[in-house]
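Below is the sequence, then the predicted model.
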Amino acid sequence: MGRNAHTKVLIVDNQPLYSIGLCALLDKHSKFNVIGTAVNFEEAVKLAEKGNPHLVIMEILPGKDDGMNLITKLKTMNPEISILILSIYDERFYSERVLRLGARGFVMKTSSSNIIMNAVSVVLEGKVFLSEQERDRIFQAMTEESSRGSKDWSVSLAKLSNREIQVFSLIGKGYGTIDIASKLNLSTKTIDTHKEHIKLKLHCSSSQELRQQAIEWSNHYQYLF
């Protein structure tokens, strides 16, 4: 469903300079009213409670400020809210995941301003926005098994829960169990449990193999939570 004039927009990004640029882009269109910008989960929830935005444009936040949790929280607060993920991260690894949680689209920050504004219009109409390449990838994944010899991370990582992806990413960056527990505000026992689940899902026979896969993932895609 399209919006009339003065669509209220909340921007959530841990890089304030990017939020400023996005505000400037939206200000060129009189129908948008940016009600605020937030840099973390807590600020976003407070602004959403106060301003009741129609649209949230958000990055997938790093560390314990998990963007997946924010999507769920915002949709609980207002099931009608439109959420567009605007991210530095590769859509191949998160688009399906965020859509399942209730977001309406995923666009990468490397996209042109025209594409970003098109994505905004599409999600406000109640439709789903993904790049043409990502739509094709999802369709191919639904209809046939990948025949490529190289590792298909989009398939492998789809097996993991949101929290398991966080743990896996941090392992790839060289963090140990204690550091990961501290970073995610969880117990070391919980982290060890997540590691065991990841090993099973990725068919790792040892902790060393798990670390090797996590490092490979990190080196190839530079993904950090």
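Sure thing, it's come through.

what comes up buried for stretch 119-138?
Residues of stretch 119-138 classed as buried by neighbour count (16 or more other Cβ atoms under 10 Å): Ala119, Val120, Val122, Val123, Leu124, Phe129, Leu130, Ser131, Glu134, Arg137, Ile138. In short, each C-beta sits where N, CA and C put it, glycine included.

of all the residues you listed, which two lie farthest apart?
Spatial extent of the buried residues of stretch 119-138 (Cβ to Cβ) is set by the pair Leu124 and Arg137 at 24.7 Å.

Which parts of this protein are strands?
Taking DSSP state E as the test, the strands found in the chain are 7-12, 32-38, 55-58, 82-87, 105-108.

Export the ones you listed as a markdown table, with columns for mean pLDDT, distance to Leu184 and mean neighbour count.
Supplementary listing: these in a markdown table, determined by pLDDT from 0 to 100; distance: least, Cβ to Cβ, whole Å; neighbours: other Cβ atoms under 10 Å:
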| stretch | mean pLDDT | distance to Leu184 | mean neighbour count |
| --- | --- | --- | --- |
| strand 7-12 | 96 | 19 | 24 |
| strand 32-38 | 95 | 20 | 19 |
| strand 55-58 | 97 | 20 | 24 |
| strand 82-87 | 95 | 20 | 24 |
| strand 105-108 | 94 | 23 | 24 |
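
I'd like those strands as a markdown table, with distance to Lys199 appended.
Listed next are the strands of the chain as a markdown table, based on distance: least, Cβ to Cβ, whole Å:
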| stretch | distance to Lys199 |
| --- | --- |
| strand 7-12 | 33 |
| strand 32-38 | 36 |
| strand 55-58 | 31 |
| strand 82-87 | 28 |
| strand 105-108 | 29 |
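
out of these, which comes closest to Gly21?
Across the strands of the chain, closest to Gly21 is strand 7-12 (Cβ to Cβ), at 10.1 Å.

That closest one versus strand 32-38: what angle between them?
With axes from the mean of the first three to the mean of the last three Cα atoms, to 10 degrees as the basis, strand 7-12 and strand 32-38 are set at 20 degrees to each other.

what does strand 7-12 contact?
19, 22-23, 26, 31-39, 43-44, 47-48, 51-59, 61, 67, 70, 124 (Cβ atoms under 8 Å, 6 or more residues apart in numbering).

One more pass at 7 Å, please.
19, 22-23, 26, 31-38, 44, 47-48, 51-59, 70, 124 (Cβ atoms under 7 Å, 6 or more residues apart in numbering).

Partner strands of that strand and their direction?
strand 32-38 (parallel), strand 55-58 (parallel) (DSSP bridges).

which residue packs closest to Val45, ignoring adjacent ones?
Lys73 (6.1 Å; Cβ to Cβ, 6 or more residues apart in numbering).

Quick one: residues contacting the residue lying closest to Ile60 once chain neighbours are set aside.
Closest residue in space to Ile60, ignoring its immediate chain neighbours: Gly67 at 3.7 Å, by Cβ to Cβ, 6+ apart. For Gly67, the contact set (Cβ under 7 Å, 6+ apart) comprises Met58, Glu59, Ile60, Leu61.

Quick check: Gly67 vs Glu134, distance?
Noted for Gly67: a distance of 18 Å to Glu134, by Cβ to Cβ, to the nearest Å.

again with Ile215
Counting by Cβ to Cβ, the gap from Ile215 to Glu134 is 26 Å.

before we move on, what about Ser169?
Counting by Cβ to Cβ, the gap from Ser169 to Glu134 is 20 Å.

do Val45 as well
Per Cβ to Cβ, Val45 is found 29 Å from Glu134.
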